[in-house]
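In: build me a model from this:
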Amino acid sequence: MKLIIYRYILREIRPTYLVSLLVCAFLVLSTRMLSVAELIVAKGVNASLVGKMLLYLMPDIISFALPGATLISILLAFARMGVDNELIAMKSAGISLYQLLPPAALVSLISLLGALWLGVVAVPWGNRSFKDLVFLMAQSKADVTIKERVFSEPFDNVIFYVNSYSPRTKSMTDVFVVDRRDPQTHNTIVAERAQMVVHREAKRITLHFENGTIFMVGKDLDSATTIRFKGYDLTIDLKDIMASLSSRKRSPKEMTVKELMESIKTAGPDSPEGAEMMVKLLEKVALPIGAFLMGIIGVPLGAQVRSRGRSTGLGISVVIFLVYYIFFGGMKNLCEANAISPEVGVWIPDIFLLVVSVLLLWLTANERTIAGALSWRWVRRLFPVSSP
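Out: From the prediction side, this is the model:
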């Protein structure tokens with residue numbers, strides 16, 4: 001009998017789980033589309049590269065959406081069963097709410113394992129691959145944009161004019177370059193030859209000029225300097241290719257667990273960099289546990305919904321999801337600022353979810369409503385005060 005009920009509940013959760021995951025992923029993806037649209041419009045990125053970019057972003061997006069999808073699917077499933085009086089019928093048959101937990105716990109465990117794999121393996125790979133792809137696109141765009149005897153701007157605020165250019169060897173002759181990246185000084189470089197050197201690991205491009213002159217002019221045209229050189233290197237960092245990706249070295253979200261642990265030892269756990277990396281390391285476990293606990297909370301919350309089942313349940317799910325991430329984000333900022341130890345602060349949102357889930361399960365199993373639990377009368381019953 002129980003196996004039949006478990007299969008029934010799983011069939012109720014499964015379609016909602018998949019739809020909720022797609023909807024949550026789409027909502028998160030829509031917040032990232034602005035930077036992607038910037039690349040399409042401003043950088044001329046083609047559709048195939050956009051597809052790769054979205055593929056690399058998906059692990060991070062799905063890991064963020066998993067807790068919300070788990071909560072929504074389980075809450076809506078139990079809300080529908082409650083509205084149709086199926087939970088009452090099961091209770092009349094001697095099946096308690098605790099006995100209905102295994103299907104929800106199984107789905108929550110799948111979410112936990114999925115989020116754990118995403119955080120440990122897929123998310124660092126996706127973020128690292130995304131940054132590498134942006135760099136390769138910038139390099140490719142430079143090859144395409146630099147044309148002979150035509151003014152071009154392959155990189156932001158760096159204007160080129162060359163007499164001849166070889167895409168195969170990346171060599172140029174009779175080069176004229178205007179570098180306006182520094183707001184205080186504009187540099188104009190005139191050289192006989194130049195060579196483009198790509199440093200993929202360091203995420204930068206170096207332009208090596210030979211036999212030329214640099215004209216340095218102040219912002220207000222109040223100063224000017226002329227420098228002659230036999231050799232001069234102009235470096236184009238990744239931050240000059242795309243402002244939102246400003247680091248030459250790997251950021252914590254691109255690092256694997258091993259790399260994070262090594263970086264924490266190097267930077268020191270008490271340093272700001274060490275605290276940030278410690279938060280990112282613990283986050284790989286804390287967020288999956290949060291997804292599991294959200295699924296457990298969905299059972300009593302869904303059973304409490306008596307009217308307007310799906311709409312009410314969806315609204316409650318969204319509120320809990322937002323509150324959890326706001327709470328988690330606040331604790332994360334405090335930990336990175338060393339106001340709270342990361343080893344303690346990262347777990348506080350999960351401890352809060354654990355306490356709430358146990359309390360809601362107890363209330364619902366004992367036929368007490370959330371509104372009644374919050375009333376002053378119920379508090380006075382728990383803690384009676386004798387009259388003098």
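In: going forward, measure contacts and count neighbours with C-alpha atoms only.
Out: Noted.
In: where do the strands sit along this structure?
Out: 152-155, 158-166, 171-179, 185-199, 204-218, 224-237 (DSSP state E).
In: need the ones you listed in JSON lines with mean neighbour count, can you?
Out: Output for the strands of the chain, formatted as JSON lines (neighbours: other Cα atoms under 10 Å):
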{"stretch": "strand 152-155", "mean neighbour count": "18"}
{"stretch": "strand 158-166", "mean neighbour count": "19"}
{"stretch": "strand 171-179", "mean neighbour count": "19"}
{"stretch": "strand 185-199", "mean neighbour count": "19"}
{"stretch": "strand 204-218", "mean neighbour count": "18"}
{"stretch": "strand 224-237", "mean neighbour count": "14"}
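In: adding mean pLDDT, write those out as JSON lines.
Out: What follows is these, written out as JSON lines (pLDDT from 0 to 100):
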{"stretch": "strand 152-155", "mean pLDDT": "76"}
{"stretch": "strand 158-166", "mean pLDDT": "88"}
{"stretch": "strand 171-179", "mean pLDDT": "91"}
{"stretch": "strand 185-199", "mean pLDDT": "88"}
{"stretch": "strand 204-218", "mean pLDDT": "89"}
{"stretch": "strand 224-237", "mean pLDDT": "87"}
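In: can you list those strands in CSV and add distance to residue 286?
Out: CSV is the format used below for the strands of the chain (distance: least, Cα to Cα, whole Å):
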stretch, distance to residue 286
strand 152-155, 40
strand 158-166, 44
strand 171-179, 46
strand 185-199, 36
strand 204-218, 35
strand 224-237, 34
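In: show me what contacts residue 229?
Out: Counting by Cα atoms under 8 Å, 6 or more residues apart in numbering, residue 229 touches 210, 211, 212, 213, 214.
In: so what's the last one closest to, chain neighbours aside?
Out: Looking back up the chat, that one is residue 214. Nearest residue to residue 214, sequence neighbours excluded (Cα to Cα, 6 or more residues apart in numbering): residue 189, at 4.6 Å.
In: specify the beta-bridge partners of that neighbour.
Out: Taking DSSP bridges, one obtains residue 177, residue 214 as the residues bridged to residue 189.
In: and it, how far is that from residue 163?
Out: 14 Å (Cα to Cα, to the nearest Å).
In: and residue 185, by the same measure?
Out: To residue 163, residue 185 is 26 Å away according to Cα to Cα.
In: and if you look at residue 303?
Out: 75 Å.
In: domain ranges for this structure?
Out: With domains defined by automatic domain parsing, the chain comprises 2-137+251-370, 146-241.
In: tell me the contacts of the residue nearest to residue 214?
Out: 175, 176, 177, 178, 179, 212, 213, 214, 215.
In: one more time with 6 Å, if that's ok
Out: Residue 189 is in contact with 176, 177, 213, 214, counting by Cα atoms under 6 Å, 6 or more residues apart in numbering.
In: repeat that for residue 292.
Out: Taking Cα under 6 Å, 6+ apart, one finds 108, 109, 112 in contact with residue 292.
In: go again with 8 Å.
Out: By Cα under 8 Å, 6+ apart, the contact list for residue 292 reads 67, 70, 105, 108, 109, 111, 112.
In: what does residue 214 give?
Out: Residues near residue 214 by Cα under 8 Å, 6+ apart: 187, 188, 189, 190, 225, 226, 227, 228, 229.
In: got those as CSV, with distance to residue 297 columns?
Out: Output for the contacts of residue 214, formatted as CSV (distance: Cα to Cα, whole Å):
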residue, distance to residue 297
187, 61
188, 63
189, 64
190, 67
225, 68
226, 70
227, 69
228, 71
229, 69
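In: what residue ranges in the chain score low on pLDDT?
Out: Confidence mapping of the chain against pLDDT under 70 gives the ranges 1, 34-47, 135, 137-145, 200-203, 238-250, 306-314, 369-388.
In: quick check, central residue of it?
Out: With distances taken as Cα atoms, centre = their mean, the residue of the chain nearest its centroid is residue 60 (4.8 Å).
In: got the contact list for the residue nearest to that one when sequence neighbours are not counted?
Out: Spatially, and ignoring its direct neighbours in sequence, residue 60 is nearest to residue 123 (5.2 Å; Cα to Cα, 6+ apart). By Cα under 8 Å, 6+ apart, residue 123 lies in contact with 59, 60, 253, 254.
In: identify, from the residues you listed, the entry nearest to residue 319.
Out: Proximity of those to residue 319 (Cα to Cα) peaks at residue 60, which lies at 21.4 Å.
In: correct me if wrong: that closest one contacts residue 126.
Out: Yes: Residue 60 is within contact range of residue 126, at 7.4 Å (criterion: Cα atoms under 8 Å).
In: in the chain, where's the longest helix?
Out: In the chain, assigned by DSSP state H, the helix with the most residues is helix 2-43.
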